[in-house]
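K.L.:
coords please:
(one chain, ligands or ions: 1)
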Amino acid sequence: MADRILIVEDNRDILASVVDYLEIKGFEVDAIENGQAARALIQAHPYDLVVLDIGLPGMDGFTLCKELRERDRNPLPVIMLTARDAVEDRLLGFEAGADDYLVKPFALPELYQRIKAVLKRSQRNFERVLQVGELSLDTASRQVHRSAQPVKLDRKGFVLLELLMKHWPDVVSHEDLNHALWGDAPPDSAALKSHIYRLRQAVDGPFNSPMIRNVAGTGYTLVTDAQ
Ligand code: CA
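P.N.:
Numbers count the residues shown, from 1 in each chain. The predicted structure is shown next:
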């Protein structure tokens with residue numbers, strides 16, 4: 001799966017050139033010009049990294065970054081952009097929780113290098129074995145167990161379960177599940193349903209308490225006995 005990056009920048013020229021460049025480099029890129037709208041996008045989609053300008057309409061980059069840090073269980077990596085090279089800004093950025101900092105004007109290959117470095121760091125920090133209740137998923141060996149019993153999944157089932165576990169206890173939307181399986185060209189809604197059906201048979205079938213919960217009109221989430 002390509003890493004999914006959100007660019008938040010109100011200078012349209014910079015925004016357009018960054019988006020084009022990063023798409024050529026193989027990332028999935030979303031772009032937005034307003035801080036408040038960016039916050040809504042981040043809440044709705046599982047991004048891997050955010051490139052965040054400081055001076056923005058709606059909500060400034062410092063405030064948004066700080067808010068993300070205070071709320072998130074798995075902190076979303078943030079690279080801050082600013083035109084100002086003042087030491088205080090740099091410190092404020094790190095204080096707000098940014099992982100890295102880039103001063104405008106910057107060269108696009110420089111941004112690319114920073115993104116790669118920050119992603120690598122964050123993925124190393126990401127736990128190799130995801131655990132939700134009695135369910136465990138090893139992202140390296142691709143083994144899945146529930147209460148020590150092996151769960152056999154096909155490739156798409158594994159992708160779905162990994163996404164649900166990474167974002168637990170949040171609900172993952174139909175849109176994001178479709179996106180993870182098929183990118184921007186999902187088949188009809190019956191296709192996702194049939195993959196969820198197979199996932200349920202594998203994960204919940206042999207057990208008394210189902211863990212995969214349908215949230216009507218929204219998406220799916222995992223539930224544990226402790227909840
Ligand atoms: Ca700006």
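
K.L.:
Show me what from the chain comes close to the ion.
P.N.:
By the rule CB under 5 Å from the ion, the part of the chain lying against the ion is 10, 53, 55. Where C-beta positions appear, they are placed from N, C-alpha and C, glycine not excepted.

K.L.:
wait, what's in contact with the second one?
P.N.:
By CB atoms under 8 Å, 6 or more residues apart in numbering, the contact set of residue 53 is 8-11, 61, 80-82.

K.L.:
where does the closest residue to the ion within the chain land in three-state SS?
P.N.:
With CB to the ion as the measure, residue 55 is the residue of the chain nearest to the ion, at 3.8 Å. Following DSSP: H, G, I helix; E, B strand; the rest coil, we place residue 55 in the coil state.

K.L.:
What is the least confident helix or strand in the chain by mean pLDDT packed up against?
P.N.:
Between all helices and strands in the chain, the lowest mean by mean pLDDT, DSSP states H and E belongs to helix 87-95, at a mean of 71. Where contact means 3 or more CB pairs under 8 Å, 6 or more residues apart in numbering; DSSP states H and E, helix 87-95 is packed against helix 61-71, strand 78-82, strand 100-103.

K.L.:
Count the neighbours of residue 215 for me.
P.N.:
For residue 215, the neighbour count with other CB atoms under 10 Å is 12.

K.L.:
In this model residue 169 seems to touch it, though I could be wrong.
P.N.:
No - between residue 215 and residue 169 there is no contact under CB atoms under 8 Å: 11.5 Å.

K.L.:
hey, what's in contact with both of those two?
P.N.:
residue 221.

K.L.:
And residue 138, how far from residue 107?
P.N.:
39 Å (CB to CB, to the nearest Å).

K.L.:
Tell me how many other residues surround residue 193.
P.N.:
Per other CB under 10 Å, the neighbour tally for residue 193 reads 12.

K.L.:
any idea what sits nearest residue 169, other than its immediate chain neighbours?
P.N.:
residue 221 (6.7 Å; CB to CB, 6 or more residues apart in numbering).

K.L.:
repeat for residue 14
P.N.:
Residue 14 sits nearest to residue 104 (CB to CB, 6+ apart), 7.2 Å away.

K.L.:
Same question for residue 183.
P.N.:
The shortest distance from residue 183 to any non-neighbouring residue, by CB to CB, 6+ apart, is to residue 28 (7.8 Å).

K.L.:
Out of the contacts of residue 53, which end up buried?
P.N.:
Neighbour counting by 16 or more other CB atoms under 10 Å classes 8-9, 11, 61, 80-82 among the contacts of residue 53 as buried.

K.L.:
longest single helix anywhere in the protein?
P.N.:
Longest helix in the chain, counting residues (DSSP state H): helix 108-125.

K.L.:
Can you check what angle separates that one from strand 78-82?
P.N.:
Here helix 108-125 points in a direction 150 degrees away from that of strand 78-82 (axes from the mean of the first three to the mean of the last three CA atoms, to 10 degrees).

K.L.:
Neighbouring strands - and their directions - for the next helix or strand after helix 108-125?
P.N.:
Per DSSP states H and E, the first helix or strand lying C-terminal to helix 108-125 is strand 129-132. Using DSSP bridges, the strands paired with strand 129-132 in its sheet are strand 135-138 (antiparallel).

K.L.:
any idea which helix or strand comes after the partner strand?
P.N.:
Next helix or strand after strand 135-138 toward the C-terminus (DSSP H and E): strand 144-146.

K.L.:
If anything else comes up later, I'll come back, but that's it for now.
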